[in-house]
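J.: Based on what follows, work out the 3D shape:
(one chain, ligands or ions: 1)
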Amino acid sequence: MVDADDTEGGHPLHDAPVAPTDVGLIDGLVTTRAIRRYTDEHLPEQVLRDIFFAATRAPSGSNRQPFRFLVFRHGPRADAVKQLIARGARAIWDAKFTQDGYASGSGADAASPKARMAATMEHYVDSFAAAPVLVLPCLNRYRAPDPSEGSNVYPACQNLLLAARAYGYGGVMTMFHKEVEADLRALLDLPDATTIAATITLGRPAGGHGPVRRRPLGELVYEDEWGAAAGWAVDPPATAFTAAGPPTVAP
Ligand SMILES: Cc1cc2nc3c(=O)[nH]c(=O)nc-3n(C[C@H](O)[C@H](O)[C@H](O)COP(=O)(O)O)c2cc1C
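T.: Sure thing, here's the model as predicted:
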């Protein structure tokens, strides 16, 4: 157990306040995209510190903070973890490509959103092991597994992604670890009560990224009655929309 007093002093960042940013809170919130293409630029340690400081300010039940972040940058350990999860990424993406028919329908047109998404994913998976930073957000279970337990770790993950955006970096949350979880747990010697909640890659975005596209607000926000759009739930001017949405067939 690290005592709070033991963490003081030592590293020069101890004297560095969190760096200010030019991105306002709401601006950052409504412009944060899933970033899957990175330059090979490393994240400075101050940026890492500030991002993880923001991430770990997230709320959790009774302020227990059961989230832990395992960070991998460079070196043999990091390379092994990145390459292992890259294998999982390839398997998961290949299966999704076939299952979701990325090559058929509008996907046959290289300019379509579907084909562009497939190209982005192909590049992401191909270069996965080269991502500047890989993060495994974990949850230290303190009670039996429960469907709502993710609520103790995902707010911190979103804080992390928003903070990265604020400092000019970007990332994406994935579930690519799932395919190789047993090997990963063994490699990392994770305690039994610790579960891997996600795999997040981070880096400096390469190329441009369009606006966040979602379904119209009225489809997503109801008032008083299930399915009844709130009258005030109208999108502001110049909102971009997506055709993506939940599967129409119930599980
Ligand atoms: C719970 C969750 C799981 C996700 N899993 C993956 C994944 O396995 N692979 C991936 O490339 N992106 C994954 N994403 C990223 C989403 O695909 C992305 O946020 C979504 O398509 C919206 O993209 P945008 O934020 O750029 O608009 C995941 C996001 C969330 C929140």
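J.: For the nearest residue to Ala108 once chain neighbours are set aside, list the residues it contacts.
T.: Excluding the flanking residues, the one nearest Ala108 by C-beta to C-beta, 6 or more residues apart in numbering is Ala115, at 7.5 Å. For every residue, glycine as well, the C-beta is placed using N, CA and C. Residues near Ala115 by C-beta atoms under 8 Å, 6 or more residues apart in numbering: Tyr102, Ser106, Gly107, Ala108, Asp109.
J.: Leaving out sequence neighbours, find the closest residue to the last one.
T.: With sequence-adjacent residues excluded and distances taken as C-beta to C-beta, 6+ apart, Asp109 is closest to Ala115, at 6.1 Å.
J.: Check for me that that neighbour belongs to a strand.
T.: No. If the criterion is DSSP: H, G, I helix; E, B strand; the rest coil, then Ala115 is helix and not within a strand.
J.: picking that back up, so of the contacts of Ala115, which ones are in strands?
T.: Cross-referencing these against strands under DSSP state E gives no overlap.
J.: Tell me where the stretch 151-251 of the chain has helices.
T.: In the stretch 151-251 of the chain, the helices defined using DSSP state H, counting those that start in this stretch lie at 154-166, 181-188, 217-220.
J.: how about the ones you listed in JSON lines, adding mean pLDDT and distance to the ligand?
T.: Shown next, in JSON lines, are the helices of the stretch 151-251 of the chain (pLDDT from 0 to 100; distance: least, C-beta to the nearest ligand atom, whole Å):
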{"stretch": "helix 154-166", "mean pLDDT": "98", "distance to the ligand": "7"}
{"stretch": "helix 181-188", "mean pLDDT": "98", "distance to the ligand": "13"}
{"stretch": "helix 217-220", "mean pLDDT": "97", "distance to the ligand": "14"}
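J.: Of these, which stretch is the most buried?
T.: Greatest average neighbour count among the helices of the stretch 151-251 of the chain goes to helix 154-166 (a mean of 21), per mean count of other C-beta atoms under 10 Å.
J.: For the residue nearest to Ala108, give its distance to Thr199.
T.: Per C-beta to C-beta, to the nearest Å, Ala115 is found 25 Å from Thr199.
J.: quick one: low-confidence parts of the protein?
T.: Applying pLDDT under 70 to the chain picks out residues 1-9, 248-251.
J.: ok, Glu45 - contacts?
T.: Contacts of Glu45 (C-beta under 8 Å, 6+ apart): Leu13.
J.: do you know how far it is from the ligand?
T.: 27 Å (C-beta to the nearest ligand atom, to the nearest Å).
J.: Lys82 in helix, strand or coil?
T.: Lys82 - assigned by three-state DSSP - is helix.
J.: give me every residue that touches it.
T.: Phe72, Phe128, Ala129, Ala130, Ala131, Leu134.
J.: Please consider this matter closed, and thank you.
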